[in-house]
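J.: model this:
(one chain, ligands or ions: 2)
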Amino acid sequence: MTQKNQTLGEFIIENQSNFKYSSGELSRLINSIRLAGKVVNYEVNKAGLVDIIGAAGDTNIQGEDQQKLDVYANEKFIQAMKNRNIVCGIASEEEDDFITINSQDEQHQNKYVVLIDPLDGSSNIDVNVSVGTIFSVYRRVTPIGTPVQLEDFLQPGNRQVAAGYIIYGTSTMLVYTTGHGVNGFTLNPATGSYYLSHPEMKFPETGRIYSVNEGNYTHFPLGVKKYIKYCQEEGGDRPYTSRYIGSLVSDIHRNMIKGGIYMYPKSSKLADGKLRLLYECNPMAFIIEQAGGKASNGFGRIMDMNPTELHQRVPFFGGSKKMVEKAEEFMELHS
Ligand code: AHM
Ligand code: MG
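T.: Numbers count the residues shown, from 1 in each chain. Ligands and ions are numbered 1, 2, ... in the order given. Next up is the predicted model:
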């Protein structure tokens with residue numbers, strides 16, 4: 001039963017039977033992500049104090065090099081999952097290749113692989129703008145008892161068993177889905193617990209916000225240009241409002257609450273756009289769809305794409321269903 005003000009811990013226990021393969025493993029996995037998230041949150045909150053306590057690249061008082069926050073976050077999440085021995089492999093936007101996890105006694109017995117963008121939008125940290133962590137969970141496809149393979153990670157998004165994000169914003173929130181809707185939990189810094197603050201989150205069917213880096217306008221395909229013009233024209237509830245933080249998690253989070261579309265199209269400078277299919281687009285698409293929205297590459301469903309490489313990039317259009325459908329119409333018409 002979903003009950004507002006429940007802690008995330010209580011929620012996980014009560015909803016464990018919702019998990020597709022209920023063995024407790026997925027619950028433990030979400031738990032490790034929430035814990036590492038708190039550690040990263042603590043460091044992100046201190047980022048404004050770099051002049052006082054030392055910046056990335058500096059040497060600290062113990063003679064150790066200070067790490068950049070994205071590298072730090074990468075290590076914390078990987079460590080949390082490794083220590084608890086709950087996944088068989090991890091792929092991270094920060095790592096060239098996937099990591100195989102195996103403990104001596106377990107012999108590759110874990111079922112899940114995790115793909116993670118440990119600190120998305122990290123260039124925003126210096127200016128005190130929200131950043132996020134994005135994660136995606138799949139059941140492995142190769143036999144248990146053997147080391148994970150690339151194919152365990154290169155699965156279409158429609159096979160995800162869980163996905164979520166942490167937003168380090170004015171509040172810190174963890175928002176996730178296991179395929180039974182989307183729930184958002186806010187961290188209470190006083191108690192260190194996440195509380196269910198946004199039960200059953202839903203994208204409004206349509207909205208009035210469009211989020212895109214318009215600085216790239218000249219380089220966008222004609223369909224995108226025309227759609228942007230459509231957003232700006234008078235007519236019905238238009239012109240829409242333009243809001244672009246430049247931090248995927250924050251832009252989607254806001255649009256999920258208020259109604260809107262986020263776009264990172266391809267351009268004449270970036271042939272496949274900028275966002276990564278496996279670490280950013282698929283997990284956000286799973287959340288968007290579970291919240292009643294739509295996620296597309298401009299012509300088809302993001303989650304039906306067959307990945308060919310770990311760091312593959314794809315154009316991305318995600319948000320309120322009717323707005324994404326409209327953008328697709330323009331893409332189709334002008335392709
Ligand atoms: P990153 O993974 O290097 O942080 O890049 C991803 C980020 C997204 O959060 C954001 O939506 C996008 O890059 C912004 O890119 P741009 O500055 O080109 O608009
Ligand atoms: Mg990223």
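J.: Count the residues that sit near Lys326.
T.: Neighbourhood size, Lys326 [other Cβ atoms under 10 Å]: 17. For glycine as for every other residue, the C-beta is placed from the backbone atoms N, C-alpha and C.
J.: could you measure it against Lys202, distance?
T.: 19 Å (Cβ to Cβ, to the nearest Å).
J.: Please compute how far stretch 120-128 lies from its chain's middle.
T.: Taking Cα atoms, centre = their mean, to the nearest Å, one finds stretch 120-128 lying 15 Å from the centre of the chain it belongs to.
J.: actually stretch 273-282, sorry about that
T.: So, by Cα atoms, centre = their mean, the centroid of stretch 273-282 is 9 Å from its chain's centroid.
J.: now stretch 303-317
T.: That offset, for stretch 303-317, works out to 14 Å (Cα atoms, centre = their mean).
J.: For it, what does the pLDDT average out to?
T.: In this model, stretch 303-317 has a mean pLDDT of 98.
J.: for stretch 202-213, same thing?
T.: For stretch 202-213, the mean per-residue pLDDT is 98.
J.: Give me the buried positions along that stretch.
T.: Applying a neighbour-count criterion of 16 or more other Cβ atoms under 10 Å, one finds Phe203, Pro204, Thr206, Gly207, Arg208, Ile209, Tyr210, Ser211, Val212 buried in stretch 202-213.
J.: The fourth one reaches Lys326, doesn't it?
T.: In this case it means Gly207. No - Gly207 is beyond contact range of Lys326, at 11.1 Å (criterion: Cβ atoms under 8 Å).
J.: For Lys321, give me its contacts.
T.: Phe203, Glu205, Thr206, Gly292, Gly293, Lys294 (Cβ atoms under 8 Å, 6 or more residues apart in numbering).
J.: Among those, which are located in strands?
T.: Mapping the contacts of Lys321 onto strands (DSSP state E) picks out Lys294.
J.: model confidence over the helix ranked longest in the chain, on average?
T.: When the chain is parsed with DSSP state H, its longest helix is helix 25-45. Computed over helix 25-45, the mean pLDDT rounds to 90.
J.: Surely Lys202 is in contact with Ala291?
T.: Yes - assessed by Cβ under 8 Å, Lys202 is found in contact with Ala291 at 5.3 Å.
J.: what's the overlap in contacts for the two?
T.: Residues within reach of Lys202 and of Ala291 at once, by Cβ under 8 Å, 6+ apart, are Val182, Met256.
J.: Please give me every residue in contact with the closest residue to ligand 2 within the chain.
T.: In the chain, the residue that lies nearest ligand 2 is Asp120 (3.7 Å; Cβ to the ion). Taking Cβ under 8 Å, 6+ apart as the criterion, Asp120 is in contact with Glu93, Val131, Gly132, Thr133, Ile134, Ser247, Leu248, Val249, Tyr279, Glu280.
J.: now the residues you listed in CSV, with pLDDT, secondary structure and neighbour count?
T.: Formatted as CSV, the contacts of Asp120 follow (pLDDT from 0 to 100; DSSP: H, G, I helix; E, B strand; the rest coil; neighbours: other Cβ atoms under 10 Å):
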residue, pLDDT, secondary structure, neighbour count
Glu93, 95, coil, 19
Val131, 93, strand, 26
Gly132, 96, strand, 29
Thr133, 97, strand, 26
Ile134, 98, strand, 28
Ser247, 96, coil, 22
Leu248, 97, helix, 25
Val249, 98, helix, 26
Tyr279, 98, helix, 24
Glu280, 98, helix, 26
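J.: Go through those residues and say which is closest to ligand 1.
T.: Nearest to ligand 1 among the contacts of Asp120: Leu248, at 3.4 Å, using Cβ to the nearest ligand atom.
J.: thinking again about what came up before, gap between the longest helix of the chain and the chain center?
T.: Centroid displacement of helix 25-45 relative to its chain, using Cα atoms, centre = their mean, is 14 Å.
J.: what does this structure put close to ligand 2?
T.: Neighbours of ligand 2 within the chain, by Cβ under 5 Å from the ion: Asp117, Asp120.
J.: Can you pull the domain assignment for the chain?
T.: Here the domain parsing of the chain from automatic domain parsing is 8-198, 209-333.
J.: Can you get me the start-to-end distance on the longest one?
T.: Using Cα to Cα, to the nearest Å, the gap from the first to the last residue of domain 8-198 comes to 12 Å.
J.: near ligand 1, which residues of the stretch 201-335 of the chain show up?
T.: Listed as neighbours of ligand 1 in the stretch 201-335 of the chain under the rule Cβ under 6 Å from any ligand atom: Asn213, Gly246, Ser247, Leu248, Lys274.
J.: farthest pair in those residues?
T.: Within those, Ser247 and Lys274 form the most distant pair, 12.8 Å apart (Cβ to Cβ).
J.: show me where this protein has helices.
T.: So, for the chain - with DSSP H - the helices run 8-14, 25-45, 50-53, 69-83, 150-153, 222-232, 248-258, 282-290, 321-333.
J.: Any idea which of these has the lowest pLDDT on average?
T.: Looking at those, the weakest mean confidence is helix 50-53, a mean of 58.
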